[in-house]
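Visitor: Structure for this input, please:
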Amino acid sequence: MRRSLLLLLFCMAADARGQISLRTGLAQDKPVKPGMIYHAEILIRNDTAQPQEAKIYQTDYLFYADGTNEYGEPGSTLRSNATWIDFSPALLLIPPGETIPVNYSVTVPESVGGEPLSGTYWSMLMVEPIQAGDSESRLPRKPQAVEYGVRQVMRYGVQVATHIEEQARYDVSFTGVDLIAEADGRKVLEVIIENTGDAMISPSVWVEIYDAAGSEKERLMGSSFRLYPGTSVMQRMELNHLAKGNYEALIVVEAAGDYIVGAQYTLVL
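Guide: Presented below is the predicted three-dimensional model:
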């Protein structure tokens, strides 16, 4: 499954949007040691005046610079921690205006496949509303006129990341750098960054632009992001304040306090 927004075609009932919301973050990180057990929770609120239902289930999670998101079977990816996680309940009935916890525990093994643990292991806990009238619903079904159409069902994905920080290896690669001329005349520098280490990073990214004389002409800041091992992102930065000419671009990634890497490229505007 490769989409976080599901489009379902079936008998129309109440709109899913605005039924429930999360009162905890969409990413939950925990530094641990091998053999450790820890506990956490996800808080789910009913924002309506009627009882609401939701289901909780697991997936793995990968993403790439081309915009692809992969939600694989739990435990199917190399650094998945899905099989370490126990959660309850899997089905929720939330009274109007109330908040219900989903409790989970993570049992960190001593090793995986006989190899010592290192870096980051992660997966997703999905929170998805159950519509009144669906086969999974336990609420009384109300008689209503049947209509057919497309309904959007929004689900929340909570990233559960377990970090073996003492054995983490940080590394990134620049796997693509392109200067793009947009149809409206804008010049955009596209940089693809791949995490080739074994630990998640939330880096700072910037580009320093120098002219032929070596004077810094511009410094462009990238956006913030989480980058898991084996995943990649694209950073796009506009170069609208530079005159035509040749420039040197120094692309810098800084993460984890003392990890910093840079690469230099020639740009012709």
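Visitor: ok, residue 44 - how many residues close by?
Guide: 23 (other C-beta atoms under 10 Å). Heads up, the C-betas are built off the backbone N, CA and C, glycines and all.
Visitor: contacting residues around the host helix or strand of it?
Guide: Per DSSP states H and E: residue 44 is located in strand 37-46. With C-beta atoms under 8 Å, 6 or more residues apart in numbering as the contact definition, strand 37-46 has outside contacts at 19-24, 28, 30, 32, 52, 54, 56, 92, 94-108, 125, 127, 158, 160.
Visitor: and if you look at stretch 257-269?
Guide: 170-172, 174, 177, 179, 187, 189, 201, 209, 239, 242-254.
Visitor: domains of the protein?
Guide: 5-165, 172-268 (automatic domain parsing).
Visitor: First residue to last residue on the shortest one, what's the distance there?
Guide: Across its full length, domain 172-268 reaches 25 Å end to end, with C-alpha to C-alpha, to the nearest Å as the criterion.
Visitor: Equivalent analysis for stretch 102-120, please.
Guide: 23 Å.
Visitor: tell me which residues in that stretch are buried?
Guide: 102, 104, 106, 108, 112, 117, 118, 119, 120 (16 or more other C-beta atoms under 10 Å).
Visitor: Can you pull the phi/psi pair for residue 180?
Guide: Residue 180 has phi and psi values of phi -110, psi 130 when expressed as degrees, to the nearest 10.
Visitor: ok, for it, nearest residue in space, not its chain neighbours?
Guide: Nearest residue to residue 180 in three dimensions, chain neighbours excluded: residue 188, at 4.6 Å (C-beta to C-beta, 6 or more residues apart in numbering).
Visitor: which residues sit in contact with that neighbour?
Guide: 179, 180, 182, 236, 237, 238, 239.
Visitor: Any idea what residue 248 is bridged to?
Guide: Following DSSP bridges, residue 248 is listed with bridge partners residue 210, residue 266.
Visitor: isn't it right next to residue 210, touching?
Guide: Yes - the pair residue 248 / residue 210 is scored as a contact, 4.6 Å apart, by C-beta atoms under 8 Å.
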